Every structure is written in structure tokens, then in C-alpha cells.
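Engineer: turn this into a structure:
(chains A and B)
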There are 2 protein chains.
Amino acid sequence: MISMPPGYAILNTASVRDTVAGLPDLARRLGGPPAVWKIQEIGDGNMNQVFDLQGPAGGIVVKQSLPYIRSVGESWPFPIERIDFEHEALGVQARAAPGLVPEVYRYDPVRAFIAMERLSPHIILRKGLVRGIRYPRLAEQLGDFLARSLFFTSDLALTTPEKKRLMARFAGNAELCATTEDVVFTGPYWDAPLNRHTRPQLDAAVVALRADEEAMIAAAELKLVFRTATEAVIHGDLHTGSVMVSEDDTRVIDAEWAFYGPMGFDLGAVVGNLLLAYFSQPAHASADDDRTAYRAWILALIEQIWTRFETGFLDLWRHHRSELLPPTLAPESAAAERLYRRRMASVLADTAGFAGAKMIRRLMGISHVEDFEAIASQDRRAQCEAAALSFARELMVRRAHFRSIGALTEEARQR
Amino acid sequence: MISMPPGYAILNTASVRDTVAGLPDLARRLGGPPAVWKIQEIGDGNMNQVFDLQGPAGGIVVKQSLPYIRSVGESWPFPIERIDFEHEALGVQARAAPGLVPEVYRYDPVRAFIAMERLSPHIILRKGLVRGIRYPRLAEQLGDFLARSLFFTSDLALTTPEKKRLMARFAGNAELCATTEDVVFTGPYWDAPLNRHTRPQLDAAVVALRADEEAMIAAAELKLVFRTATEAVIHGDLHTGSVMVSEDDTRVIDAEWAFYGPMGFDLGAVVGNLLLAYFSQPAHASADDDRTAYRAWILALIEQIWTRFETGFLDLWRHHRSELLPPTLAPESAAAERLYRRRMASVLADTAGFAGAKMIRRLMGISHVEDFEAIASQDRRAQCEAAALSFARELMVRRAHFRSIGALTEEARQR
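Structural biologist: Numbering: from 1, shown residues only, chains lettered A, B, ... in the order given. Coordinates of the predicted model:
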């Protein structure tokens, strides 16, 4: 049995009703008597419980962390305190990138839940991509989230004491970092217990990658970057399942993995997961839609998100007097521009590498994605997966060779 | 007036006698009645008070941090708590590199002092270099200190939770980090208030460097590395004034600047300060010794220290099963060796860059070094300084182009 701290109990639809009924600020948002509230457990991630509550006056969502990893069970205990880092990160992100994360109504550290804004009619971006839906404002909004959340927590915006205080705070989220490190950068490269892949179709490719020394070294190098590059408060798990979208609105959720890490890890998570969507598209074709145009839309989306991030980030950098340059060197000078370009080239290399690592781990690691899981035919799925795997390996090993985001998407296009 | 915390008072030779007399563990080391102890204030650094105590039975050193920077005065308040980080770092270093730091006898956080081993007949390495003294075991011992203190605090030796705990601890040393950042990477590149240089002889070179955009960008990039690369607990101020030497023993002192930073910063401090010694040698020539052979010895010393570090560090890496590689890739495999080489190439680039930055700041920044200050003739001094400055600029701007430590020393030799 897993031990639980005093005051904590795993919520269910009955107890969440009682809990919220006892909190007037939350009850008021729902309206009416608690008995009429419609309550559903809707968590579809690997980790937590998520309750959707609707009342006559409105809705809320209650997210509670469990003392283990939900998708595995009690055999894999996991710190309840992750909800504390999620709450801290939501605050940081809301200040840096207003309107791009759900609003927090109440945080209860003892019962380990956050009551927050119920997003409607939003759906998880990954589901939208499987269905072939276009989101006209996604590039702009997700690009802004990346630019602003990464810039305002970086050394370009904070003083050293401010940054180190925040870094010390997030250093407590160590167990989640260690889990990411293992499942993303090491686990996939050997026959680790919970790994899986499409068998037998992908066997040969998986065996080859697990003997591919260049790939393993690249993964090790990226793991070291993940462990040592304290560049910004990163979301830490920014795949397309952590983004909720509607026609005109984008919100980033599930920040419990947040810590001071490399900016390229968040960017790479976005790019890598969009590439997974891209490579899965042929298998989602229907009689009406062969998904050719949609594939092109996804690649354009990758380019637009990167460009929006880069433009926004550099614009902030140019207009903040950072501590990096002496007062005699203007942030708008040609010299400063050279600095910005060199920095962005380095972030792009990290982005490519992390994108590759994130793709590989979803194809032959412990945790997979709906983009491929939803493909019924094993043969068809493996065909798409093999293409994704081969490109992912290139992204990781040749990460320093992509001169622009366009060069990266062009290589995807030609596969 | 500077305010002081309760219980703290600035020691003098009278009060340090009373203080130590009241601490039996320390008094016993000195022996005899306190009245016979010979006490001298011997601090010659910029920062603290250091008392040398000798009694009939032996000696001790008492180092106390002041609430301001000693060389500047009360106009520059500075956190007394730096002694706490020095104490913490001394413990970390003693465990990682036994016998290479002074032994700590007592730490008093309230009165902000450390009572420690009195090193005799050791002198400060920088003074030995000015005098032209050779130290046959220095390369081996300082190389070991670097290899062991950097390896055992790195992600190659620690688990993620262990590393992040230690990182959070040292994150508190933020004000000292911010000071280093300013005086090393920014201050020298503009006409900052306390800067100085040999005038008028060095005027043109200084003006040129302050208009040198490539140099300023390189310094900014190195500053960002200093602020973001949490690779190991680094000493943080490892110049030749922080090393005490005798014929056969080497000890590293003054760890109050310690924090989680880039390994290349410690290596670069050593290399840069040895290069300052190298470029100053012609002006220390005497009728007996033109210092030609000694200059060659210094360059060989740089090569030997680096090689000892690299060999020692990689040897530790090879024999620890780090979390970086999957269990299927042996740490002694040819593939792992490629990873080690790539990592060392990157550390060498950082080392070259930081060495250049540390040299420049000692030639045209706020704080200078005895290697040049001891040269009476302004013309002679400026000549040596100009050569050092020009090479330092190359180290910083072309830091990624040195293929080996030998390539770096060869360029110094040809100047």
C-alpha cells in the first residue's frame, strides 16, 4: 500500500462534490445546489485525476495528483507534490504569458488539487490533429506562449538573484526530472521493461536503433543538456496532449514537469509531436480527404510556430536592457543582432535534437501517442512509424546541421 | 553605517585571541597560554580578514568574512553569508578531492569565521610565479583537484535529486555570482567606474577592445554560459592567488565564490592566470635568469594541468556507471570514448574563452594581479600587458577553434 500524507485522500466523483460544496468561492461558480452538478472524471493523461464539474452557473475543473503514476498503478509511486510545482509554474506562466494558461481558482496543497478554469469548447490539440482540424490562431498563440514564458524566466529578463531563487524553487521537482531523463533519453535505447513498439513490423528498425551508437551518443548528449542547461522555466512536457485548442483560443495545460531547463526542450516537444502527427496522417486519410493538404498545413504550422517564437523572443530581448551587454552596446545594434542570431541557431539545434528524442521515445519507449495508436492496421501504422523513426534519428544525430526551421521541414517533406 | 547581524562583530587581533581562547578545541591546537600566541592579520585578498595564529603547539588560521568588500570599503556592502558557502564548498571539495584543500577545524556561522589548517611553508602560487619558482607536483595535484572536484559534483556522478539539492543550496550564493558576472564579463568592456589600466601606454589597446564588437559578443556569450551551465560545483575564483603551494604540496583556498557553474570557468581561471604569469615574465628577468626557460615551464605546466585533469576526469567517467548511457553501451566502449572526446572538446572551448575573459578583466577591469602590478616600469609593464591582452582577445573570440591544449599553448609561444 502506498502511504498518503495527513489530510490527503484520493478524490472520487462523490467526494469531489462534497469538497467543492464546502468551498463557497468554487461552489458559487457552479451555482445551484451541489446535487444538480454534473461531475465526470475526464483525465486521459498518464498521471492524474481530472474532474469536470458543471452547474447551472458555470463549470470548473479539479485536477488532483495521485501518489502513483495513474497509467501504471501503485507499483510506480510518484510524488504528490508535483501538483505544487504545477501550481507554481501556472503562476509563472500566467504572469509571463497572460491568457495562454487556464486561470487558477484555488490551490489546495494538502488535498493536492488545483481548481481551475473549465475550457470549453476546447479539445486536446492531439485529438484535433488526428481528426484533421485546422486551428488558424494556434501558431500565433503557441508561439507567443513559447516566446514569453521562456523569455521572462530567462537570464535575459531576470537578475541573477531572481533567477537563482526561482531555480532553487523548481530544483525540488527532481523526481519528475529524473523520470523524464530516463524515459526520454535512456529507456528507449535498450530493452527496458515497459517499452513497446508495433510488433513484429517495427522490430528490425527498433533493433537497429538500439545498436546505433551515434543515436545513443546523441541521446546521452541531449540528456546532459537537459540536466545542466538552466535557461528558463520550461513546461517540461509540451507535447500536443498538453495543449487545448478551440477555433480561436489556445491554452497550455499540465505544467507539473516544469523546472529550469533548456528552452529547446519545450520547442522540441512541440516540433517533435507535430512531426509525429505529420507522419501519422497518411493512415488517417478518408475518402473525402487524403490528408495531403493537411500534412502541408502541419509543416507550415511548425514553421509558423518557430518563427513566431523567434520573432517574439528576439523582440523582447531587443527591448529589454539585459545584463548581458555592456551599456555601450545598444540592444538594437548590428553587433547585438549577431549575438541574437547565434543564440537562436543554438536553440534551433537543441530543438531539432529534442524533437528527435521525443519522437523516438513515443515510438519505441514506454509511452505512446494517439496519432499512431488510433491506426487500426498494424501494417499501416508501422509504415508511418518507420518513416517517423528514421527522420527522428536524423534530427537527433544531425541536430547542429539545420540552418533554419525551413531546412528542417523541407527534410520532413522529402521523406 | 553597515548594519551587522546579532552576534557578529568584526574581529581584530585582540578579539580573535579572546575568541579562540574561549574555544578549547582550537586553543589546544595552539597550546600554551593565549598571551603567548603570535597573531597577525595576513589577508591580502580583496575580500576578507585572515588571522594567522601561532602558539607553542602549532598554528591555525581564522578567516572571517566582512560585511563589505575589503579592498573597496563600506561603500560596497557584501553578504557576510559568503563564508557559509565557502564552508559548504570546502566540505564538498574535501570529500571529492581529499588532501587538496585546507582542513576545517571549526565553522562559526554567527561570527562568520572558519578556523582552519595553517599551511606552512606554503606560499600563494602567484607569488611563486613572480619569483620564478618551479613546483614539481603542482600540475598533478591541481589537475587532480580539478578532475575530482568537477567530476564528483557533476551529473556524471550524482543522481538528479542529489545534484538538484546541492544546486539549490548553492543558488543562495547569488550575489557573489552576480558580482563575478559583472566584473568579469561586462565591466571591462566599458568605462566602468572602478576600472583601471596602465596609462597612457595601454590606452589605445583598451579603447580598441572597448569598441571590439566580436569581443563584446564573445564576453556576452560566455556570461550566458556562466549563468546557465550548471555542470559542477565550481570553485568560482580559481586564479593563482587561490592556490597555495610548497615544494611538494598544493592546496586550493578561498572557495567563497562556489556555485553550480560551467567546469570551463575553473579551468579557464587556472589557464588564464598562468598565461598572465607567462606574459609578465620578461619584466621579471634578472641578470641571473632571463626567464626564458621559466616561461617554457609555465606553458608546459598549462599543458600538464589540462592533461592531468582530462585524463583523471575521463578515467573517473569510464569507471562510474553514469546515468547518461543505456546499460547496453559499456562506458569503456569505442562509442562512449567518442562521447568523452566531444565533451572534452566542448570543455576546452569554454576553458579557452573563460581564460581570455579572466585575463582581460585583470588588465583593464577593476581588479589587477601582482604579476603585472609588481613591474615598476610602466613601459615595460604595458608591453607585457599588451601582448597578454591581444592573446586573451583571441582566446575569447576563437575559443571554439583550439583543437588541443597544445594548440593553445603553441599560439601563446608564437607571440
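
Engineer: up against chain B, what does the stretch 101-250 of chain A have?
Structural biologist: Residues of the stretch 101-250 of chain A lying near chain B by Cβ under 8 Å from any Cβ of the partner chain: A:155, A:159-161, A:163-165, A:167-168, A:171-172, A:174-175, A:177-178, A:181-182, A:186-187, A:189-191, A:210, A:213-214, A:216-217, A:220-221, A:223-224, A:227-231. No exception for glycine: its C-beta is placed from N, CA and C like everyone else's.

Engineer: alpha carbons of the host helix or strand of residue A:385, as PDB, please.
Structural biologist: Of the helices and strands defined by DSSP states H and E, residue A:385 is found in helix A:378-397. C-alpha atoms of helix A:378-397 as PDB (Å, rounded to 0.1, in the frame of the first residue of the first chain):
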ATOM      1  CA  GLN A 378      -0.600  -2.700 -37.700                       C
ATOM      2  CA  ASP A 379       1.000  -2.700 -41.100                       C
ATOM      3  CA  ARG A 380      -0.200   0.800 -42.000                       C
ATOM      4  CA  ARG A 381       0.800   2.100 -38.500                       C
ATOM      5  CA  ALA A 382       4.200   0.600 -38.700                       C
ATOM      6  CA  GLN A 383       4.800   2.100 -42.100                       C
ATOM      7  CA  CYS A 384       4.100   5.600 -40.800                       C
ATOM      8  CA  GLU A 385       6.100   4.900 -37.600                       C
ATOM      9  CA  ALA A 386       9.100   3.700 -39.500                       C
ATOM     10  CA  ALA A 387       9.200   7.000 -41.500                       C
ATOM     11  CA  ALA A 388       8.900   9.000 -38.300                       C
ATOM     12  CA  LEU A 389      11.600   6.900 -36.600                       C
ATOM     13  CA  SER A 390      14.000   7.300 -39.400                       C
ATOM     14  CA  PHE A 391      13.600  11.100 -39.500                       C
ATOM     15  CA  ALA A 392      13.700  11.400 -35.700                       C
ATOM     16  CA  ARG A 393      17.100   9.700 -35.700                       C
ATOM     17  CA  GLU A 394      18.300  12.200 -38.300                       C
ATOM     18  CA  LEU A 395      17.000  15.100 -36.200                       C
ATOM     19  CA  MET A 396      18.900  13.900 -33.200                       C
ATOM     20  CA  VAL A 397      22.200  13.000 -34.800                       C
END
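
Engineer: only the buried residues of that helix, if you could.
Structural biologist: Neighbour-count burial for helix A:378-397, counted by 16 or more other Cβ atoms under 10 Å in any protein chain shown, picks out A:380-389, A:391-397.

Engineer: domains in chain A, by residue range?
Structural biologist: Domain assignment for chain A by automatic domain parsing gives A:13-117, A:123-413.

Engineer: just say which of these is most tucked in.
Structural biologist: Among those, domain A:123-413 has the highest mean neighbour count (mean count of other Cβ atoms under 10 Å in any protein chain shown), at a mean of 20.

Engineer: contacting residues for the nearest residue to residue A:147 once chain neighbours are set aside?
Structural biologist: Residue nearest to residue A:147 in three dimensions, not counting chain neighbours: residue A:312, with 3.1 Å by Cβ to Cβ, 6 or more residues apart in numbering or on different chains. Counting by Cβ atoms under 8 Å, 6 or more residues apart in numbering or on different chains, residue A:312 touches A:143, A:144, A:146, A:147, A:148, A:151.
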